[in-house]
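> have a look at this prediction, sequence included:
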Amino acid sequence: MEGVPQTPPKEAYRAAMVLSGAGDALGYRNQLWEYCTSGPQIHQELQEMGGLSKVRAALPDWPVSDDTVLHLATAEALATGKDGEPLFQDLAKRYVEAMNDMEGRKPGPTSILGTSQLHPGEPNGYRIPFNPNATGCGAAMRSMCIGLRYPRPSDLTALVQVSVESGRMTHHHPTGYLGALAAALFTAYAVQRLPLERWGSGLLKTVPVALEYVQATAVESDSNVSAWAYFQEKWEWYLSDRGLADGRGPARFPPAYSPAERDVIYKTFSLDGWAGRSGHDAPMIAYNALLSAGDSWEKLCSHAMFHGGDSDSTGVIAACCWGIAHGFSGVPEGNHMELEYRDRMVTAADQLYDLAWGQRPV
């Protein structure tokens with residue numbers, strides 16, 4: 001994280017939160033598309049509806065999933081202005097409470113297990129045991145707003161600590177909670193207007209900072225260190241493949257890149273063949289989509305929300321970062337104006353903006 005960012009418009013924060021929810025609802029499609037294994041099928045069904053501009057993302061057909069419910073829980077805890085242990089306790093409390101709002105939203109088994117192990121209000125009640133299977137994307141998908149709260153280069157220490165602690169409240173495994181770091185960091189980079197080509201290399205420079213924090217807190221650090229390498233190695237592989245290892249670019253994409261071909265490529269990013277399901281590859285697919293989409297909302301949706309994988313979790317991250325850069329420009333009103341919990345998203349965005357930018361000089 002470099003330089004001193006200019007103060008962004010408040011509308012950028014609102015677009016980040018609201019379009020994140022829209023990306024979730026579109027990628028989820030009330031369970032139909034999150035669990036569809038075929039990007040071409042999703043694109044065909046979208047075409048039969050009349051295209052993206054005809055989609056009215058509203059209840060009952062287009063609810064938000066567990067991703068947005070938990071992202072709002074994170075945002076509303078951060079919006080209190082708390083930090084340190086009081087913040088962590090509040091986050092844990094809100095994650096537990098959020099599990100009461102999961103009817104029809106399909107929360108992941110690791111999030112269900114993790115929240116059942118939290119004991120907010122008790123000493124260290126926001127910490128759960130290391131879980132060798134907690135490699136999923138459930139921490140990544142709810143962490144973008146951490147970058148809205150801590151957007152400056154000088155906020156990096158807080159961003160790392162909050163993303164790691166909040167992430168391992170359910171996903172106590174580096175592949176899981178480093179996904180939270182990636183989603184938060186990329187959002188901060190978007191606020192800073194850092195060129196996209198530099199985001200991945202910036203993440204790899206930040207991962208050792210997270211390792212230092214994990215070792216310093218001494219919470220099952222041996223288990224964490226032994227499981228650490230995969231996240232970094234997979235990102236190194238991806239950046240090399242895209243020609244971005246040095247942070248310069250331009251990004252290099254395959255010449256053939258249709259929905260069917262993207263399904264095959266995205267699987268190569270994955271841990272277990274289900275693209276976007278893990279902590280490393282949900283932000284990876286989101287980043288990949290941002291690199292290829294430019295200022296086109298439709299192209300972003302095609303690449304981040306409409307693929308044969310965990311399409312709501314990749315969409316929720318990509319749309320948040322895109323919203324910061326582009327606002328609501330070019331986004332069909334039907335995609336977001338009647339979105340479930342939209343008012344909460346706007347309120348949280350305003351509160352995070354005021355905390356990040358309204359209380360102190362730039």
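That came through fine.
> just the strands in the stretch 101-250 of the chain please.
Per DSSP state E, counting those that start in this stretch, the stretch 101-250 of the chain carries no strands over any range.
> low pLDDT regions in it?
By pLDDT under 70, the stretch 101-250 of the chain contains no weakly predicted segment.
> now with 90?
For the stretch 101-250 of the chain, residues meeting the criterion pLDDT under 90 lie at 249.
> count the residues that sit near His43.
The tally of other residues near His43 (other Cβ atoms under 10 Å) stands at 17. Where C-beta positions appear, they are placed from N, C-alpha and C, glycine not excepted.
> that one belongs to a strand?
No. Per DSSP: H, G, I helix; E, B strand; the rest coil, His43 lies outside any strand segment and is helix.
> contacting residues for it?
Residues near His43 by Cβ atoms under 8 Å, 6 or more residues apart in numbering: Pro259, Ser302, Phe306.
> who wins on neighbours among these?
Counting neighbours by other Cβ under 10 Å, the top entry in the contacts of His43 is Phe306, with 26 neighbours.
> per-residue confidence at the closest residue to that one other than its chain neighbours?
Leaving out its chain neighbours, the residue that sits closest to Phe306 by Cβ to Cβ, 6 or more residues apart in numbering is Ile42, at 4.5 Å. Ile42 carries a pLDDT value of 98.
> what's near enough to touch Ile42?
By Cβ under 8 Å, 6+ apart, the residues touching Ile42 are Trp33, Cys36, Pro259, Phe306, His307, Gly308, Ser311.
> the first one is in contact with Gly309, isn't it?
No. The pair Trp33 and Gly309 fails to qualify as a contact (Cβ atoms under 8 Å) at a distance of 10.1 Å.
> who has more neighbours, these two?
Set Trp33 next to Gly309 and count neighbours by other Cβ under 10 Å: Gly309 wins out with 27 against 23.
> and the contacts of His43, which is closest to Glu197?
Ser302 (21.0 Å; Cβ to Cβ).
> helix or strand for Pro63, which one?
With elements taken from DSSP states H and E, nothing contains Pro63; it lies in neither a helix nor a strand.
> gap between it and Ser270?
Computed as Cβ to Cβ, to the nearest Å, the Pro63 to Ser270 distance reads 26 Å.
> Trp33 too?
Relative to Ser270, Trp33 is positioned 17 Å away (Cβ to Cβ).
> go on, Glu261?
With the distance defined as Cβ to Cβ, Glu261 ends up 15 Å from Ser270.
> tell me which of the two has more neighbours.
Neighbours were counted for Glu261 and for Ser270 using other Cβ under 10 Å; Ser270 has more, 20 against 14.
> from Leu352, how far off is the residue nearest to the more buried one when sequence neighbours are not counted?
Sequence neighbours aside, Asp281 is the residue nearest to Ser270 in space, at 5.2 Å (criterion: Cβ to Cβ, 6+ apart). Distance, Asp281 to Leu352, by Cβ to Cβ: 27 Å.
> of those two, who's got more company?
It is Asp281, of Asp281 and Leu352, that has more neighbours when counted by other Cβ under 10 Å, with 35 against 25.
> for the more buried one, which residues are in contact?
Asp281 makes contact with Cys137, Lys234, Tyr266, Phe269, Ser270, Leu271, Ala275 under the criterion Cβ under 8 Å, 6+ apart.
> distance of it from Asn124?
Remark: distance between Asp281 and Asn124 (Cβ to Cβ) = 31 Å.
> one more: Pro254?
47 Å.
> also Pro132?
Distance, Pro132 to Asn124, by Cβ to Cβ: 21 Å.
> do Gly51 as well
Relative to Asn124, Gly51 is positioned 51 Å away (criterion: Cβ to Cβ).
> cool, and Pro86?
Pro86 sits 13 Å away from Asn124 when distances are taken as Cβ to Cβ.
> same deal with Gly247?
Between Gly247 and Asn124 the computed distance is 38 Å (Cβ to Cβ).
> and what of Ala158?
Using Cβ to Cβ, Ala158 is found at 20 Å from Asn124.
> quick one: which of those two has more around it?
More crowded of Ala158 and Asn124, by other Cβ under 10 Å: Ala158, with 16 against 11.
> isn't the more buried one right up against Lys82?
No. The criterion here is Cβ under 8 Å, and Ala158 misses it with Lys82 at 11.9 Å.
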